[in-house]
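Participant: can't give you the sequence, but here's the structure:
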RNA sequence: GCCGGGGUGGCGGAAUGGCAGACGCGGCGGACUCAAAAUCCGUUGGGCGCAAGCCCGUGGGGGUUCGACUCCCCCUCCCGGCACCA
């Protein structure tokens, strides 16, 4: 072999790692497991195996975690580093619809291609632990967890989930009542309804996002803000449907509070806090005039109740129908009626209009506050005033109680509405002098508020809540933006929900012993897509034959649940199954779980920031349920989260706006050309749709895997988004060749090391490098670690032979990032064991700190001279050296030093002022 | 509008209170070569200067400090998230 042959080296070592199962990690108690070592669980967010395969942008995080894993193995740590595939979901199914190929076939093909690509990058996953969410052995346990959700309820007093059997026992023994009613007074159906309504997985008639084009409902999180599906960009309509829900709202406070336990980027924490949207306030009952009913509102500003001059209900509010007056009452203003002859007409017309306005329309017209008077009034409990009740779509049914007390004096939206509808405005917080705004949101003394007058906002809130409670008008409450998780999908390619429906409406679980409930074979996996927004959802499983859909037990015919789970389900707990992937008795072995999850769960979880809310919130929720039920040992699943940056690239569009292949575009005369046509350059995330992806497969042949790994890490900080520039690779390739030549004679293949000790300067440089690289490894700063390799390597160029102490340490330092060339050099240096478990080099602190330093001498903060001094120089000596400098004397120009700042040994600053 | 993150040479980036621009790309000059590539050596923030050297310089303005890319205040622009959430 002459010179550095990356292809031969990379193939050789990947083959050897596979043959020798170098990176297999046994569990506690298994042969080869060393309990004396500390543990580290390093996890990538597992990918959805798309047909397009991986591009270099996907690999940044995977390479980063591989480096961390390799580094810690060398430090004597048991590293759990698994990989799997999140393979249920829409694309495989859509592809199947288009081609007639079963989703399982495409999924298996894609998984195989991903595994091939990941192996080719030299990633050190323990492939024995590989799993796919579509494996029956895996989704068996996804279904099992669903059953645990179904069989649990949330005990608010204990602030945790408990088995539903314990609730039933308490009800039967009389220690607990069903919403105030004694258990014996309820008939069987009422008891069942009550219990089913307490479960963490429950069926409810809810307003859902129905996407007829996809033939399925979508979670709020899967709908874009302009009311279209995240996937496919189809229109989404709101309509009520009976669906499975998961009671994530019960965990809102714990999901919020426990963010303190985890080491996550502030931005992700902030997004979760924002998504949960906790706000403290009060719910207050306003009695409807001339009726015994009352309407409950939620407000964060109960202190402003004396300024509530009208009430607004969401158009869909259930109380509206009962409120609408027969005719317009005396005093109704024209601005309130919407031009209708009666309240019923006005309300009907407004509701119809509101239902057809998309969320986007509502947002664009945010300043335009529409609404109509219902003709009804309610009584403000604080001051006894009768105030008109409106419906308006600026009040959302989905938040709080779907009704507000409108306080235009202290709320901008209410101010706008009041202005546009000629409603009275009463300030109840004194704005500062000179305040010229409209609604005043700031603090100040309460005015026109009876017994609250003079109090600041905080005190006034406390006093009014106390008053509301004392007089039976309301109480302090907390409201959340977070909603329960809509868990039904009407698609085929997902986990079947293991529930049976009895003829009497009762719900029964498929027994644990009968799991997995296999996804039945089906000829036509098409969703029942429709252009009609009113079409009934038809789950794909509804087309399976009766022999599957109907189950007869003891002569009773049960219907199977036909919905499947959303794609998020499988990714909620995969990190647990990696710990014990082949266990067919339990979800995860208790001892193995305790060992690998340790104190704070996964030690390093790396993935894209796009999962900041959905996946991470859902997974935390499931984990907390499993924690409450005693199946896992930590409160949080992911102790440390790290978001890798995106890889960006230039993309080019032709005159029609169509993307053209970026790698075929040429630059001439400052413009860009493709196929003889001028094209527009843009810049953005690398992706197949923009035709600017770089396929790693192409790279292996030309530059090598080690070059790819080094380049991806050298581009910049791991968490920053960075532009991909293929030509920059040459710097990395030069480094690799130079390093090879430093150690191997290109003509004779002789190893160019000497057993002579390294010279003083080189040895110091080596130890400085070990120190810096070690610190960079700990802090995930691989870009600067690589810069240190370059510096050390460049110094070695001048040597005939590299001292062995330097070569050995250098190759080991290189191993985490460029493992193939490191293995090869390690072997040639005479080592017989894989470098993967060679000890990480230690540095000598005295050698790493240099014995002489360049001392900077400033005059009035400006650098005037640099003098090499001993590192242990004293302050007096440093000052003397500084004053002795002719350059310093020239800069002083005879001026007297007023004071001297000395920071030995690096700096002296002579101040003349 | 609110929340979070950013702005440093031609480019990617380094430096988190103490030499701004490590390292790499690109550029320029040179060696080797018939030539080119590869490789090697030198150089490369801007301005003035023959030079020694001097001045300017981390989005803009102000402040703290002997000393600020770094800390504080105001402004501005860019990126990400949320957005009529009462």
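Facilitator: Done, it's in. Owing to the predicted nature of the structure, the values given are computational and were not obtained by experimental measurement.

Participant: Do I have it right that residue A:90 meets residue A:491?
Facilitator: Yes - counting by Cβ atoms under 8 Å, residue A:90 does reach residue A:491; the two are 6.8 Å apart. Placement of C-beta: from N, CA and C, glycine included.

Participant: neighbour count winner among the two?
Facilitator: Set residue A:90 next to residue A:491 and count neighbours by other Cβ atoms under 10 Å: residue A:491 wins out with 26 against 20.

Participant: Tell me which residues touch that one, please.
Facilitator: A:90, A:93, A:214, A:215, A:216, A:527, A:539, A:540, A:564 (Cβ atoms under 8 Å, 6 or more residues apart in numbering).

Participant: got those residues as a markdown table, with distance to residue A:703, secondary structure and pLDDT columns?
Facilitator: Rendered in a markdown table, the data for the contacts of residue A:491 read as follows (distance: Cβ to Cβ, whole Å; DSSP: H, G, I helix; E, B strand; the rest coil; pLDDT from 0 to 100):
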| residue | distance to residue A:703 | secondary structure | pLDDT |
| --- | --- | --- | --- |
| A:90 | 36 | helix | 81 |
| A:93 | 37 | helix | 83 |
| A:214 | 42 | coil | 79 |
| A:215 | 46 | coil | 80 |
| A:216 | 44 | strand | 79 |
| A:527 | 44 | coil | 69 |
| A:539 | 49 | coil | 86 |
| A:540 | 46 | helix | 88 |
| A:564 | 44 | strand | 95 |
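
Participant: Now for these: which two are most distant?
Facilitator: A:90 and A:539 (14.6 Å; Cβ to Cβ).

Participant: Leaving out the residues flanking it, which one is nearest to residue A:785?
Facilitator: Closest residue in space to residue A:785, ignoring its immediate chain neighbours: residue A:776 at 3.8 Å, by Cβ to Cβ, 6 or more residues apart in numbering.

Participant: Quick check: the one you found vs residue A:691, distance?
Facilitator: Residue A:776 sits 35 Å away from residue A:691 when distances are taken as Cβ to Cβ, to the nearest Å.

Participant: Could you list the paired strands of the helix or strand where residue A:908 lies along with their orientation?
Facilitator: Per DSSP states H and E: residue A:908 is located in strand A:907-911. Within its sheet, strand A:907-911 is paired with strand A:852-859 (parallel), strand A:899-903 (antiparallel), according to DSSP bridges.

Participant: And residue A:806, how far from residue A:754?
Facilitator: 10 Å.

Participant: Phi, psi for residue A:132 please.
Facilitator: The phi and psi values for residue A:132, taken as degrees, to the nearest 10, are phi -130, psi 140.

Participant: right, I mislabeled it, should have said residue A:875
Facilitator: phi -60, psi -40.

Participant: returning to that earlier point: now mean pLDDT, distance to residue A:749 and mean neighbour count too, for the strands paired with strand A:907-911, in TSV please.
Facilitator: Listed next are the strands paired with strand A:907-911 as TSV, based on pLDDT from 0 to 100; distance: least, Cβ to Cβ, whole Å; neighbours: other Cβ atoms under 10 Å:
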stretch	mean pLDDT	distance to residue A:749	mean neighbour count
strand A:852-859	84	40	18
strand A:899-903	86	51	13
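
Participant: what about the helices in the stretch 151-300 of chain A?
Facilitator: Listed in chain order, the helices of the stretch 151-300 of chain A (DSSP state H, counting those that start in this stretch) span A:164-173, A:188-196, A:252-257, A:266-276.

Participant: now swap in the stretch 551-700 of chain A and tell me
Facilitator: A:568-571, A:574-577, A:590-597, A:614-628, A:696-702.

Participant: what mean pLDDT does the third one have?
Facilitator: By that I understand helix A:590-597. Mean pLDDT, computed over helix A:590-597, is 96.

Participant: Stretch A:460-477: which residues count as buried?
Facilitator: A:460, A:461, A:463, A:464, A:465, A:467, A:468, A:473, A:474, A:476, A:477 (16 or more other Cβ atoms under 10 Å).

Participant: And for stretch A:403-423?
Facilitator: Buried residues in stretch A:403-423 (16+ other Cβ under 10 Å): A:403-411, A:413-418, A:421, A:423.

Participant: So which of the residues you listed reach RNA strand B?
Facilitator: The residues of these that also fall near RNA strand B, by Cβ under 7 Å from any atom of the strand, are A:404, A:407, A:411, A:413, A:416.

Participant: picking up where we left off before, between residue A:806 and residue A:754, which has more neighbouring residues?
Facilitator: Using other Cβ under 10 Å, the more surrounded residue of residue A:806 and residue A:754 is residue A:806, with 25 against 15.

Participant: Where do the domain boundaries of chain A fall?
Facilitator: Residue ranges for the domains of chain A, per automatic domain parsing: A:144-260+A:268-274+A:484-560, A:279-479, A:722-846, A:851-911.

Participant: In helices, which of the ones next to RNA strand B among the buried residues of stretch A:403-423 appear?
Facilitator: Of these, the ones assigned to helices by DSSP state H are A:413, A:416.

Participant: Any regions of the stretch 1-150 of chain A where pLDDT drops low?
Facilitator: A:1-2 (pLDDT under 70).

Participant: can you give me the strands in it?
Facilitator: Here the stretch 1-150 of chain A has its strands, by DSSP state E, counting those that start in this stretch, at A:39-44, A:78-80, A:84-85, A:131-132.

Participant: Among these, single out whichever gets nearest to residue A:822.
Facilitator: Of the strands of the stretch 1-150 of chain A, nearest to residue A:822 by Cβ to Cβ is strand A:78-80, at 17.2 Å.
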